[in-house]
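Undergrad: pasting the structure only:
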Ligand SMILES: N[C@@H](CCC(=O)N[C@@H](CS)C(=O)NCC(=O)O)C(=O)O
């Protein structure tokens, strides 16, 4: 399986899941943003986004869906929750919540408040930072009685949501994290699998000239 990605992008969900699952992944590192710095990538992925997983005829461009695909490919793993098992619906819910509700507003904030300041839309960016902070309520409440989001154990839902929280450490929004979310992020980033994923991405990016 080939993963086209940029270090620390949403592709980190996939690199991290592969480490936790013990699955081999051929990392193809790209400079960020690929649409500007690796335009030849558009021939493979017209969106220009990362990550993109290529597994034979299978091509996927949604990080949370790729993580579920890897868990299913790994077979019987405690990182997944099988159909019919309690919290299966919660797993699906948090896999989508991770990107649609917790990552998306941060990307709007980053675009308008940090990257494109000349367009005069910083206020819109700041409003999306507030929007993100308000949306933390769902995991903050859930984590008040749990260490992990689903099934009383670490699962791919934690990888998907964990990346959304980790993103705050790179974009300046970590001060907005609520207490349970912050403690949860600390637990997740202390995992060996997470640390190995960071090192793998950095080493591959350096070796492939995409740092
Ligand atoms: N919903 C997609 C979003 C993919 C995405 O937008 N990735 C960002 C990096 S985190 C990207 O490629 N940005 C570059 C661009 O939009 O040109 C996912 O979860 O994988």
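TA: In hand now; what should we look at? Just so you know, these numbers come straight off a predicted model, no measurement behind them.
Undergrad: use CA for all of it now, contacts and neighbours both
TA: Noted.
Undergrad: So residue 53 belongs to a strand, correct?
TA: Yes - counting by DSSP: H, G, I helix; E, B strand; the rest coil, residue 53 is located in a strand.
Undergrad: Check the burial of the residue of the chain found nearest the ligand by counting its neighbours.
TA: Nearest to the ligand in the chain, going by Cα to the nearest ligand atom, is residue 49, at a distance of 3.1 Å. Residue 49: 21 surrounding residues under other Cα atoms under 10 Å.
Undergrad: give me the element it is part of.
TA: Counting by DSSP states H and E, no helix or strand carries residue 49.
Undergrad: which ones are touching it?
TA: 33-35, 61 (Cα atoms under 8 Å, 6 or more residues apart in numbering).
Undergrad: Buried ones among those?
TA: 34-35, 61 (16 or more other Cα atoms under 10 Å).
Undergrad: can you list these in JSON lines and add pLDDT?
TA: Listed next are these as JSON lines, based on pLDDT from 0 to 100:
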{"residue": "34", "pLDDT": "96"}
{"residue": "35", "pLDDT": "95"}
{"residue": "61", "pLDDT": "98"}
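Undergrad: Please identify which of the residues you listed is nearest to residue 24.
TA: When the buried ones among the contacts of residue 49 are compared for distance to residue 24 (Cα to Cα), residue 61 wins out at 18.4 Å.
Undergrad: Next one: the residue lying closest to that closest one once chain neighbours are set aside relative to residue 29, how far apart?
TA: Among residues not flanking residue 61 along the chain, residue 52 sits closest, at 4.5 Å (Cα to Cα, 6 or more residues apart in numbering). Residue 52 is 11 Å from residue 29, where distance means Cα to Cα, to the nearest Å.
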